[in-house]
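Asks: Return atomic coordinates for the entry below.
(2 chains)
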Amino acid sequence: EIVLTQSPTTTAASPGEKVTITCLASSSVSNMYWYQQKSGASPKLLIYSTSSLASGVPDRFSGSGSGTSYSLTINTMEAEDAATYYCQQWSSNPLTFGSGTKLEIK
Amino acid sequence: QVQLQQSGAELVKPGSSVKISCKASGYTFTSYDMHWIKQQPGNGLEWIGWIYPGNGNTKYNQKFNGKATLTADKSSSTAYMQLSSLTSEDSAVYFCARYGRGTGFAYWGQGTLVTVSS
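Replies: Model prediction:
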């Protein structure tokens, strides 16, 4: 099973600040997906195939990476971005998610 | 528009079974994998498995073999997940989600809370 380790576990950012969340895979994966989940809601797809922006997602979000190291970047933090973020891979079974990064607004 | 409508919250007794549903609309139900994902209170996301409604093929996370059974009814465009021999560890929110090859989980149900308690 491919384990995805996210860092940081928790972080806080001021409005306008740049935020980067990292996802390290225990083995190489071909693509990474990123989701945002707000309290009491279903996860929402942000990034697919490592760097493609999902429909309706603001372009302050971006994804990059390859092999075992991937990242999600929020260029300018906004209050509405406060949420928990998860990475996900399905390069091999079972499909796995990272443990999540909780992002708070300062 | 694509919608996944899940059944309501369940309160069930330890040792019993529960079957939750996910009714799909807005797309061809038989053309996309339907996945199920577990989220325990305050915890992360855990993949249970998928079903391809077109032919009924399934694939499970080994951890959920014997715990979860996935089925689909093409006539009503509804996917089902049955959980058996329930314990407190099965108390969680369960999501159905449509997977697109290369595009991830773009569509999710609203989640079904299952509470196992005597």
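Asks: Excluding chain neighbours, give the residue nearest to A:Glu17 in space.
Replies: Spatially, and ignoring its direct neighbours in sequence, A:Glu17 is nearest to A:Met77 (4.7 Å; Cβ to Cβ, 6 or more residues apart in numbering or on different chains). C-beta coordinates here come from the backbone N, C-alpha and C atoms, glycine included.
Asks: Surely the one you found is in contact with A:Gly16?
Replies: Yes. Using Cβ atoms under 8 Å, A:Met77 is in contact with A:Gly16, at 6.3 Å.
Asks: what about the two, which has more around it?
Replies: Applying other Cβ atoms under 10 Å in any protein chain shown to A:Met77 and A:Gly16 shows that A:Met77 carries more neighbours, namely 20 against 9.
Asks: And for B:Gly44, the neighbour number?
Replies: Neighbour tally, B:Gly44, other Cβ under 10 Å: 17.
Asks: where along chain A do the strands fall?
Replies: Using DSSP state E, the strands of chain A run over A:4-7, A:10-13, A:19-25, A:33-37, A:44-48, A:52-53, A:61-66, A:69-74, A:83-89, A:96-97, A:101-105.
Asks: do chain B as well
Replies: Under DSSP E, chain B gives strands at B:3-6, B:10-12, B:18-25, B:33-39, B:45-52, B:57-60, B:68-73, B:78-83, B:92-100, B:104-108, B:112-116.
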